[in-house]
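> Give me a model of this one.
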Amino acid sequence: MVKTKINKLTMHSDRDQATLSRTLKDPTFDTLHQLGTTLYNHSAPFAKILQSISDIKKSLEARIDAVSLDAGLLRANHCKLLGTVDETESTVAVLKLLEQGMQKQVREMEKDILMLHHREQDSEGCFRQNNIRVPGFPEWAESPSVELFLENWLTTTMLADKVPNFFSVEQAHRTPGKPPSGPQLLLF
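All right, here's what the predicted structure looks like:
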């Protein structure tokens with residue numbers, strides 16, 4: 001049985017067949033030596049197989065190098081991303097602290113604004129009460145501007161001996177009233 005398998009695999013001529021028959025019948029001949037010789041004589045298919053294995057090995061080594069390089073780049077990008085995430089988290093934490101402080105400042109400013117609004121309302125009320133009322137001027141005597149008329153009148157009548165243009169009238173008007181009641185008061 002062994003003989004027929006070897007014949008099918010390795011022998012191509014009658015002379016090779018005869019040689020193989022003699023060596024197989026010889027008990028002193030080593031079977032391994034015989035197989036080695038047979039493989040040596042017919043090594044062309046094995047050379048192709050070895051070459052293919054070598055090519056596959058080179059291709060695999062190149063692919064392994066490429067994958068290793070990609071893995072290294074991925075590790076570097078991952079480390080960079082982790083650094084960016086840590087930086088962002090610390091920035092967000094700082095911004096949260098700032099936001100809490102700013103909320104407190106906004107609440108304090110709202111209180112200040114409300115207090116200033118109340119002061120302004122009180123000041124307006126006080127200014128209304130402290131207006132100077134001048135009666136007795138005929139209607140339309142203040143034309144064209146009530147403010148200029150009062151400044152000139154105050155400078156000429158009351159402050160003639162003092163420094164001229166010591167003050168200015170910011171706002172002046174006549175009090176509202178019905179026309180038949182006579183001239184109305186001037187307020188400044």
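> shaky segments in the protein?
Of all residues in the chain, those with pLDDT under 70 make up the ranges 1-36, 38-46, 125-131, 140-141, 158-188.
> what about the strands in the protein?
Secondary structure of the chain (DSSP state E): strands at 133-134, 173-174, 186-187.
> The first one pairs with which strands, parallel or anti?
Next to strand 133-134 in the sheet, as set by DSSP bridges, lie strand 186-187 (antiparallel).
> Quick one: the helices in this protein, in order.
Under the criterion DSSP state H, helices of the chain are mapped to 2-10, 14-25, 31-41, 44-129, 146-153.
> Restrict the last one to CA atoms and write it as PDB.
Extracted C-alpha coordinates of helix 146-153, given in PDB (Å, rounded to 0.1, in the frame of the first residue of the first chain):
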ATOM      1  CA  VAL A 146     -39.800 130.300  29.300                       C
ATOM      2  CA  GLU A 147     -36.300 129.300  30.500                       C
ATOM      3  CA  LEU A 148     -34.500 132.200  28.800                       C
ATOM      4  CA  PHE A 149     -37.200 134.700  30.000                       C
ATOM      5  CA  LEU A 150     -36.700 133.500  33.600                       C
ATOM      6  CA  GLU A 151     -32.900 133.600  33.400                       C
ATOM      7  CA  ASN A 152     -33.000 137.200  32.100                       C
ATOM      8  CA  TRP A 153     -35.600 138.200  34.700                       C
END
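> tally of neighbours for Glu147?
Glu147: 15 surrounding residues under other Cβ atoms under 10 Å. (Each C-beta comes from the backbone N, C-alpha and C, glycine too.)
> Against Trp153, how distant is it?
Glu147 sits 11 Å away from Trp153, going by Cβ to Cβ, to the nearest Å.
> One more: Val92?
68 Å.
> Measure how buried Leu150 is and give me the count.
20.
> ok, now Glu120?
The burial count for Glu120: 10, using other Cβ under 10 Å.
> for Trp153, same thing?
16.
> so who does it touch?
By Cβ atoms under 8 Å, 6 or more residues apart in numbering, the contact list for Trp153 is empty.
> That one and Pro138, how far apart?
Distance check for Trp153 against Pro138: by Cβ to Cβ, it reads 13 Å.
> Ile64 versus Leu95, what's the distance?
For Leu95, the distance to Ile64 - Cβ to Cβ - is 46 Å.
> again, but for Asn77
Asn77 sits 20 Å away from Ile64, going by Cβ to Cβ.
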